[in-house]
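Peer 1: any chance you can model this:
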Amino acid sequence: MKIFTAQQIRDADAYTIRHAPISSLDLMEKAAIACTAWICRHYNEDTPVYVFCGVGNNGGDGLAITRLLRNRGYNAVAFILHHSSKASDDHTANRNSLQQQYPSAVHDILDNGPLPLPDKNALIVDAILGTGLSRPAEGWIASVIQQLNDLKAQHDIVAIDMPSGLQADASSLDTPVIKADHTLSFEFYKLAFLLPENAAFVGEICILSIDLSPEYIAQTPSRFNITDAFQVRSMYRPRKPFSHKGTFGHALLIAGSEGKIGAAVLSAKACLRTGVGLLSCHVPKCGYEIMQISAPAAMCFIDEQRDHSSGFHNHFPTPEAAAKYKTIGIGPGLGTAAGTCWAFEKLLDHYRQPIVIDADALNILASSPALLKKVPAGSLLTPHPKEFERLFGKTANDVDRLKVLSDNAVERQLNILLKGRYTAMAFPDGSIWFNATGNPGMATGGSGDVLTGILTSLLAQGYSSQEAMLLGVYLHGTAGDHAAAERSEEAMIADDIVEFLGKTFLELHRIKSC
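Peer 2: Predicted coordinates for the structure are as follows:
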């Protein structure tokens with residue numbers, strides 16, 4: 001699914017109006033009908049509804065919603081905040097329509113006027129500012145936003161299209177923004193919804209269709225996208241009848257150190273459960289028995305060191321030996337001992353295929369920036385926010401961090417993901433994709449090690465670097481969702497994500513077969 005900028009969304013509206021054809025007022029009515037239906041599904045007729053409207057088209061949506069709720073028997077009242085001298089034409093038309101049918105349902109609040117105090121258990125609908133906002137809210141409107149946020153403890157807040165004060169394409173950090181419980185957005189996610197700094201504002205996101213032109217959506221390029229079932233269906237490759245283990249590649253996993261062999265085990269199990277043909281694991285001596293017992297399907301190489309690995313570069317004495325492995329996954333529980341750092345540099349000198357780099361391998365890169373230049377083009381880097389910061393530096397806000405993420409992916413020709421609720425994946429072509437699967441239960445030790453195993457497996461099976469990252473993160477999150485549904489978010493551990501990979505693949509296979 002594409003993520004359009006605020007300007008592209010306005011262009012989509014205009015294109016739909018010209019080519020559907022449909023009037024802008026009727027398109028607004030479609031949006032209001034969709035929002036009203038959602039509100040009626042979630043709140044009963046006994047719920048008073050206070051709709052706070054600006055004077056632009058977002059306010060026009062609010063006025064139409066008020067009228068439609070009244071038609072359904074709700075006690076809905078619109079309060080128009082006159083923060084600008086001129087209302088939009090569609091706003092005025094909806095005001096007149098509401099006033100003609102329900103004269104007592106429209107109230108004007110002039111600049112700096114006091115807000116009404118909502119009845120107990122009333123629903124607050126925020127239709128003050130929409131995607132047209134291009135700078136932080138200020139003055140009286142900023143004060144209104146703060147007053148409504150102060151009511152949040154006693155009232156649910158539903159934002160229409162955007163929480164007021166939130167900018168669609170820029171950072172809203174440290175600016176006044178409505179803290180919505182639900183955001184009802186039209187047709188697309190906005191970039192702002194996917195940034196961690198805005199989590200307190202958007203609440204639960206619901207994307208409502210208003211039948212914007214499919215032609216415009218298809219023909220308009222977007223730098224930002226969010227992975228959905230359509231992309232996953234197109235990438236997933238079911239196994240063919242005459243396949244054998246050589247068909248699905250041989251991966252080498254370099255992981256584990258004393259006290260952290262569990263990370264190597266989790267990664268190995270995930271790699272195997274994602275379908276790699278052959279897996280070899282390089283672990284220190286202290287991990288041999290653990291790995292052989294925990295993952296008997298994996299072959300095991302023992303390092304000469306007991307508590308860490310420093311000899312894994314010896315797998316690549318010749319180009320022919322290096323070619324034995326389709327890819328390498330390195331980092332989970334690896335440690336940063338001097339010998340490990342030295343061996344990692346030697347590995348980068350000799351292995352030129354794309355590899356998966358995670359955890360301590362990322363920390364080694366961060367401590368020796370020159371090594372980053374040696375990472376093979378097409379490789380997958382999987383930092384969490386702190387690892388990202390160590391690699392590429394601090395940023396002022398999440399929008400700036402996305403730019404740093406993308407700039408490094410393009411400049412270094414690497415595929416870099418930034419872990420989070422909506423994991424962001426930057427590719428060498430400049431595109432950024434977000435993943436919507438997953439849940440807070442996955443914020444548990446070992447979850448990232450599982451992801452490394454999944455990505456390593458897919459890369460070994462011949463998926464491209466971009467396919468491996470998009471599909472792998474989607475699989476990881478979906479398996480986590482299945483685990484949460486069965487075990488709860490609180491009780492979930494990383495092993496559960498591995499366990500539910502099978503269910504995730506069965507689901508994918510059914511989708512692909514339909």
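Peer 1: please enumerate the strands of the stretch 301-450 of the chain.
Peer 2: Using DSSP state E, counting those that start in this stretch, the strands of the stretch 301-450 of the chain run over 327-330, 356-357, 380-381, 415-418, 424-426, 432-434.
Peer 1: again, but for the stretch 51-200 of the chain
Peer 2: Using DSSP E, counting those that start in this stretch, strands in the stretch 51-200 of the chain cover 76-82, 106-110, 123-127, 157-160, 182-186.
Peer 1: of all these, which one is nearest Ala366?
Peer 2: For Ala366, the closest of the strands of the stretch 51-200 of the chain is strand 182-186, at 35.8 Å, according to CB to CB. Yep, even glycine has a C-beta here, placed from its N, CA and C like the rest.
Peer 1: check which helices and strands the closest one sits against.
Peer 2: Applying 3 or more CB pairs under 8 Å, 6 or more residues apart in numbering; DSSP states H and E, we find strand 182-186 packed against helix 24-42, strand 157-160, strand 204-208.
Peer 1: run the angle between the last one and strand 182-186 for me.
Peer 2: Angle, strand 204-208 to strand 182-186, by axes from the mean of the first three to the mean of the last three CA atoms, to 10 degrees: 20 degrees.
Peer 1: check the offset of strand 204-208 from the chain's centre.
Peer 2: 14 Å (CA atoms, centre = their mean, to the nearest Å).
Peer 1: tell me the first helix or strand C-terminal of it.
Peer 2: Counting by DSSP states H and E, the next helix or strand C-terminal to strand 204-208 is helix 214-219.
Peer 1: counting neighbours, which bits of that next one end up buried?
Peer 2: By neighbour count on 16 or more other CB atoms under 10 Å, the buried set for helix 214-219 is 216-217.
Peer 1: tell me the average confidence for it?
Peer 2: Across helix 214-219, the average pLDDT comes to 96.
Peer 1: how far is that helix from where the chain is centred?
Peer 2: The answer for helix 214-219 is 23 Å, by CA atoms, centre = their mean.
Peer 1: what do you get for stretch 133-153?
Peer 2: 27 Å.
Peer 1: what does stretch 493-512 give?
Peer 2: 19 Å.
Peer 1: got the contact list for that stretch?
Peer 2: 229, 232-233, 236, 238, 266, 269-270, 273-275, 442, 444-447, 449-450, 453-454, 475-476, 478-480, 482-483, 486-487 (CB atoms under 8 Å, 6 or more residues apart in numbering).
Peer 1: want to try TSV for the helices and strands packed on strand 182-186, with mean pLDDT and distance to Asn149 as columns?
Peer 2: Output for the helices and strands packed on strand 182-186, formatted as TSV (pLDDT from 0 to 100; distance: least, CB to CB, whole Å):
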stretch	mean pLDDT	distance to Asn149
helix 24-42	98	20
strand 157-160	98	8
strand 204-208	96	17
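Peer 1: make JSON lines out of the ones you listed and add mean neighbour count and distance to Ala494.
Peer 2: As requested, those are exported to JSON lines (neighbours: other CB atoms under 10 Å; distance: least, CB to CB, whole Å):
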{"stretch": "helix 24-42", "mean neighbour count": "18", "distance to Ala494": "34"}
{"stretch": "strand 157-160", "mean neighbour count": "28", "distance to Ala494": "35"}
{"stretch": "strand 204-208", "mean neighbour count": "14", "distance to Ala494": "26"}
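Peer 1: closest to Ser465 out of the strands of the stretch 51-200 of the chain?
Peer 2: Here strand 182-186 is closest among the strands of the stretch 51-200 of the chain (CB to CB), at 31.2 Å.
Peer 1: so for the closest one, what's the average pLDDT?
Peer 2: Strand 182-186 comes out at a mean pLDDT of 97.
Peer 1: returning to that earlier point: tell me the buried residues within the contacts of stretch 493-512.
Peer 2: 232, 236, 266, 269-270, 273-275, 442, 444, 446-447, 449-450, 453-454, 475-476, 478-480, 482-483.
Peer 1: now the helices and strands packed on strand 182-186 in a markdown table, with distance to Ala14?
Peer 2: Formatted as a markdown table, the helices and strands packed on strand 182-186 follow (distance: least, CB to CB, whole Å):
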| stretch | distance to Ala14 |
| --- | --- |
| helix 24-42 | 8 |
| strand 157-160 | 20 |
| strand 204-208 | 19 |
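Peer 1: residue contacts, the residue nearest the centre of the chain?
Peer 2: Taking CA atoms, centre = their mean, the centroid of the chain lies closest to Tyr422, which sits 1.9 Å from it. Contacts for Tyr422 (CB under 8 Å, 6+ apart) come out as 194, 226, 434-436.
Peer 1: next, format the strands of the stretch 301-450 of the chain as a markdown table and append distance to Asp119.
Peer 2: Output for the strands of the stretch 301-450 of the chain, formatted as a markdown table (distance: least, CB to CB, whole Å):
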| stretch | distance to Asp119 |
| --- | --- |
| strand 327-330 | 58 |
| strand 356-357 | 56 |
| strand 380-381 | 53 |
| strand 415-418 | 44 |
| strand 424-426 | 42 |
| strand 432-434 | 39 |
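Peer 1: nearest to Asp89, out of the ones you listed?
Peer 2: strand 432-434 (35.2 Å).
Peer 1: which strands and helices sit next to the longest helix along the chain?
Peer 2: With secondary structure taken from DSSP state H, the chain has its longest helix at helix 465-487. The contact analysis (3+ CB pairs under 8 Å, 6+ apart) places helix 465-487 against helix 229-235, strand 380-381, strand 415-418, strand 424-426, helix 447-460, helix 494-499, helix 501-513.
Peer 1: and the helices in the stretch 201-350 of the chain, which stretches?
Peer 2: 214-219, 229-235, 261-273, 288-294, 319-322, 338-350 (DSSP state H, counting those that start in this stretch).
Peer 1: winner for burial among these?
Peer 2: helix 261-273 (a mean of 28; mean count of other CB atoms under 10 Å).
Peer 1: could you check the angle helix 501-513 makes with that helix?
Peer 2: 30 degrees.
Peer 1: chain center to helix 261-273, what's the gap?
Peer 2: Using CA atoms, centre = their mean, the offset of helix 261-273 from its chain centre is 24 Å.
Peer 1: now it - C-alpha only, PDB.
Peer 2: Presented in PDB, the C-alpha positions along helix 261-273 are these (Å, rounded to 0.1, in the frame of the first residue of the first chain):
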ATOM      1  CA  ILE A 261      24.400 -19.200  23.200                       C
ATOM      2  CA  GLY A 262      20.600 -18.900  23.500                       C
ATOM      3  CA  ALA A 263      20.700 -16.100  20.900                       C
ATOM      4  CA  ALA A 264      22.500 -18.500  18.500                       C
ATOM      5  CA  VAL A 265      20.000 -21.200  19.100                       C
ATOM      6  CA  LEU A 266      17.000 -18.900  18.500                       C
ATOM      7  CA  SER A 267      18.500 -17.600  15.300                       C
ATOM      8  CA  ALA A 268      19.300 -21.100  14.100                       C
ATOM      9  CA  LYS A 269      15.800 -22.500  14.800                       C
ATOM     10  CA  ALA A 270      14.200 -19.600  13.000                       C
ATOM     11  CA  CYS A 271      16.500 -20.100  10.000                       C
ATOM     12  CA  LEU A 272      15.600 -23.700   9.800                       C
ATOM     13  CA  ARG A 273      11.800 -23.100  10.300                       C
END
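Peer 1: show me how the record splits the chain into domains.
Peer 2: Domains of the chain are assigned by automatic domain parsing as 2-222, 229-513.
Peer 1: ends of the shortest one, how far apart?
Peer 2: It refers to domain 2-222. Domain 2-222 has its terminal residues 6 Å apart, counting by CA to CA, to the nearest Å.
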